[in-house]
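>>> everything below, folded, please.
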Amino acid sequence: MDTKTQAILDVKNLSIHFGGLKAVDDVSFHVNRGEIISIIGPNGAGKTTVFNMLTGVYKPTFGQIFFNGEEIHGLTPQQIVKAGMARTFQNIRLFGDMRVIQNVLLGMHTNTHYNFIDLIFRTKKFRTIEKEKQQKAVDILKFLGLERYVHDYPTNLPYGDQRKVEIARAIATNAKLILLDEPAAGMNPEESEELLAFIRSLASQGFTILLIEHDMNLVMNISDRIYVIDHGRKIAEGLPQEIATNKDVIVAYLGEEEMDEEEVENA
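Numbering: from 1, shown residues only. Got it, this is the predicted structure:
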């Protein structure tokens, strides 16, 4: 099979129960290398819970998660990051008292190859690795068009650029698959359009993207495929144009059985 079409992420019958509540129930999906895939659904549908299972925050009650062909069920969040999967969060989680480059450097902690003695005595090995990490962080920021912010504090940046810094930190982990949790949250239409182009540029550079998003204009214009979850279950999957006219999706979002495509996209 062509490696470009192999699934980098393959999720089979994923379920998690909290007491008697089935927060996610028998959800399966896959993400091929180089794709931009969206998971959508009404508030409380279970989307972020899926992300939390993928990244090791929650342990699934049932199901399997394969990443790069290896089962990652039961791995810690740090082990999953080290394997090549990183995420951002709906609420931006940057350290406001640390400069932009320092926030990006935090993403490299899982791939640091010096020991405690090197750290304490600032050995040649320590200095060499730290210099390499600094350069890599600068290179990532340049790649994302953020080099002008290297020494700024994140809170001084425009909202959309703060999102990009968070993505830069994910890239710094050596991630191949980046999970974006509502990246357009809080953005105005102009910022959302810029984000759309930015995510496309990531995919063009070889990253695979899986995102949760409520901005349906962004979802419909950026996704290769879309999965829809409602009440913890997958109710639809397909191309954007198929999802936009899917009766079950329309009912889940709007509670109405008749709605034309334009109204669904703008809902």
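>>> low-confidence regions, this structure specifically.
The model of the chain has pLDDT under 70 over residues 1-5, 112-115, 119, 255-267.
>>> can you show me the helices along it?
Under the criterion DSSP state H, the chain contains helices at 47-54, 77-83, 100-106, 116-121, 124-143, 159-171, 189-204, 216-222, 240-244, 247-254, 261-266.
>>> ok, and what's touching stretch 202-211?
Residues from elsewhere that reach stretch 202-211 (C-beta atoms under 8 Å, 6 or more residues apart in numbering): 8-9, 31-39, 143, 167, 171, 175-183, 199. Glycine gets a C-beta too; all of them are placed from N, C-alpha and C.
>>> ok, the residue positioned nearest the centre of the chain - contacts?
Central residue of the chain (C-alpha atoms, centre = their mean): residue 179, 1.3 Å from the mean position. Counting by C-beta under 8 Å, 6+ apart, residue 179 makes contact with 51, 54, 55, 85, 86, 87, 88, 210, 211.
>>> if we go to 6 Å?
Going by C-beta atoms under 6 Å, 6 or more residues apart in numbering, residue 179 touches 51, 87, 210.
>>> is it in a bridge, and if so with what?
Assessed by DSSP bridges, residue 179 has beta-bridge partners residue 87, residue 210.
>>> domain parsing of this structure, as residue ranges.
With domains defined by automatic domain parsing, the chain comprises 1-84+177-267, 93-175.
>>> how far off centre is the shortest one?
Computed by C-alpha atoms, centre = their mean, to the nearest Å, the separation of domain 93-175 from the middle of its chain amounts to 18 Å.
>>> what does the first one give?
Between the mean C-alpha point of domain 1-84+177-267 and the mean C-alpha point of its chain there is a distance of 9 Å (C-alpha atoms, centre = their mean).
>>> how near is residue 101 to residue 225?
Here the distance between residue 101 and residue 225 works out to 35 Å (C-beta to C-beta, to the nearest Å).
>>> who has more neighbours out of these two?
Neighbour totals were compared for residue 101 and residue 225, and residue 101 leads with 21 against 18 (other C-beta atoms under 10 Å).
>>> residue 109: which of the contacts of residue 179 is nearest?
Lowest distance from residue 109 to the contacts of residue 179 (C-beta to C-beta) belongs to residue 87, with 15.3 Å.
>>> tally of neighbours for the closest one?
For residue 87, using other C-beta under 10 Å, the count is 25.
>>> quick one on the thing from earlier: in a markdown table: the helices of the chain, plus distance to residue 16.
Listed next are those as a markdown table, based on distance: least, C-beta to C-beta, whole Å:
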| stretch | distance to residue 16 |
| --- | --- |
| helix 47-54 | 6 |
| helix 77-83 | 16 |
| helix 100-106 | 28 |
| helix 116-121 | 37 |
| helix 124-143 | 33 |
| helix 159-171 | 24 |
| helix 189-204 | 28 |
| helix 216-222 | 24 |
| helix 240-244 | 24 |
| helix 247-254 | 20 |
| helix 261-266 | 29 |
